[in-house]
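In: let's see this in three dimensions:
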Amino acid sequence: MRLNYIYNFSFFSDENVSYFTYSLYNPSIISRFVMSVSGQVQQLTWLEETKQWNLFWSQPRTQCEVYDLCGAFGTCRQSGLPFCNCLTGFIPKSDNDWNQSDFSSGCVRKTDLECGSNKEISFLMVKVDNVPPNFVSMAVGGDGECRAACLNSCQCNAYSFSDNQCSVWDVELLNVSEDNVNGKTIYIKVASIDLPSQIHEKSNLGAVIGSVVAGVVLVLGLIFFIIYRRKRILVGKTTMEGSLVSFVYRDLQIATKNFSEKLGDVVFGSVFKGVLRDSSIVAVKKLESVSQGEKQFRSEVSTIGTIQHVNLVRLRGFCAQGSRKLLVYDYMPNGSLDSHLFHEKQDNILNWTTRYEIALGIARGLVYLHDKCRDCIIHCDIKPENILLDADSAQK
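Out: I've put the predicted structure just below:
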């Protein structure tokens, strides 16, 4: 097979061996065929006029197409030297290797991410020529849920949401080649402290705001629907069994003495003890996370707010005032079950009769959630920390 006017190229393959050969039509031309340190196969010819080697053919055609050229979290650019650079918020894993133009060791985050500390994590927006390999597709409701799925997974390094498809990377990102004009957008998890202020969460701000606004509209629609259907809610106090109260933030601030008596921490917020105007004691859950707190708020109002059972903690009301999202529950004076099971003081141990009654109460509550309520609910997180005891439950 004739490849071009300089080289005669042929390929041979059978069950034992595969190889190719090439020869020059003009023996006076000096040529060499090499594999560069980057992994790119190159054919070069010597130009006597310029006294230098000329790259005649290469495969892959460009350096940035070489698989894993810049290593994990490295980005390749075809113009300029060096070819490889670390993404914003990342540094070379081996400075010595990079100084010798060996980029295969890749990059690592400047600051390690602490699993569960979402407030210290942000996303770096990068437009790439091609989506990196080894991603996993997820079924989610939108960009906000895709982002949340990655944020709440300690293994997730990046995500992308395009054409209603959520892709997440639980592995290191390889073959990142930036294209700021026509590229596809991915969001890479990085420590907030390592992002310049001008790009910190900027790329995802629109998506977050959009999700929050849509969520608030949905919640307000649900609130007005409940008010219209039941007509049993008075601002500040519950009038009938099964109704929800729309609390004013200022009233809850007064009831909790400006959130001074903290009962504990929960996912996406904290719980405080409060006393309402009618002297009833309540537990006020204050949601703090913008994205996930909003989702938690909508979920609890739409599900727990519509169920009533003697063995389930009653949601008395809510507050949806601007960005402030709070939920008001009946107060359980004896705290959580784990505080009675796992402690050193022997005088606080529950007797077996009490334990049996608590177990029955848990079972009855689950039966109601699974089979008896209009829309069946799966709890998915039954543990002693989530079992709360009323005034009678911890009697010895």
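
In: excluding sequence neighbours, find me the nearest residue to the residue nearest the centre of the chain.
Out: For the chain, residue 151 is the residue whose C-alpha lies nearest the centre (CA atoms, centre = their mean; 1.8 Å). Leaving aside its sequence neighbours, residue 151 sits nearest to residue 118 (CB to CB, 6 or more residues apart in numbering; 5.6 Å). (C-beta placed from N, C-alpha, C; glycine too.)

In: what about residue 124, neighbour count?
Out: 22 (other CB atoms under 10 Å).

In: so it touches residue 191, yeah?
Out: No - look at residue 124 against residue 191 with CB atoms under 8 Å: they stay out of range, at 10.1 Å.

In: and for the two, which residues touch both?
Out: Both residue 124 and residue 191 are in contact with residue 89, where contact means CB atoms under 8 Å, 6 or more residues apart in numbering.

In: could you check how far residue 120 is from residue 111?
Out: 8 Å (CB to CB, to the nearest Å).

In: these two: which has the busier surroundings?
Out: residue 111 (15 against 12).

In: just checking, the residue nearest to the centre of the chain touches residue 122?
Out: No - between residue 151 and residue 122 there is no contact under CB under 8 Å: 9.5 Å.

In: how about the strands in the stretch 1-150 of the chain?
Out: 7-13, 18-24, 31-35, 41-47, 52-59, 74-76, 84-86, 90-92, 107-109, 121-128, 136-138 (DSSP state E, counting those that start in this stretch).

In: for the ones you listed, which one sits closest to residue 287?
Out: With CB to CB, the closest approach to residue 287 among the strands of the stretch 1-150 of the chain belongs to strand 121-128: 18.2 Å.

In: how about the closest one: buried residues?
Out: 121, 122, 123, 124, 126, 128 (16 or more other CB atoms under 10 Å).

In: what comes into contact with that strand?
Out: 75, 87-89, 113, 147, 150-151, 159, 176-181, 183-192, 195, 199-204.

In: tabulate the buried residues of strand 121-128 (CSV), appending pLDDT and distance to residue 71.
Out: Output for these, formatted as CSV (pLDDT from 0 to 100; distance: CB to CB, whole Å):
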residue, pLDDT, distance to residue 71
121, 88, 22
122, 89, 23
123, 91, 21
124, 91, 17
126, 89, 16
128, 87, 16
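
In: out of those, who's nearest residue 390?
Out: Distance to residue 390, by CB to CB, is smallest for residue 121 among the buried residues of strand 121-128, at 37.8 Å.

In: just to revisit the earlier point, please identify the deepest-packed of the strands of the stretch 1-150 of the chain.
Out: Ranked by mean neighbour count, the strands of the stretch 1-150 of the chain are led by strand 74-76 with a mean of 23 (mean count of other CB atoms under 10 Å).

In: tell me which strands and helices it is in contact with?
Out: strand 84-86, strand 176-177 (3 or more CB pairs under 8 Å, 6 or more residues apart in numbering; DSSP states H and E).

In: which residues do residue 120 and residue 111 both contact?
Out: 191, 193.

In: pLDDT weak spots in the stretch 101-250 of the chain?
Out: 197-243 (pLDDT under 70).

In: the nearest residue to residue 384 once chain neighbours are set aside: neighbour count?
Out: Distance criterion CB to CB, 6+ apart; nearest residue to residue 384, sequence neighbours excluded, is residue 338 at 3.5 Å. Using other CB under 10 Å, residue 338 has 13 other residues around it.

In: so who does residue 105 touch?
Out: Contacts of residue 105 (CB under 8 Å, 6+ apart): 71, 92, 93, 94, 97, 98.

In: try 7 Å
Out: 71, 93, 94, 97 (CB atoms under 7 Å, 6 or more residues apart in numbering).

In: dump the residue contacts of the first one.
Out: Contacts were defined as CB under 7 Å, 6+ apart; by that measure residue 71 touches 103, 104, 105, 106, 107.
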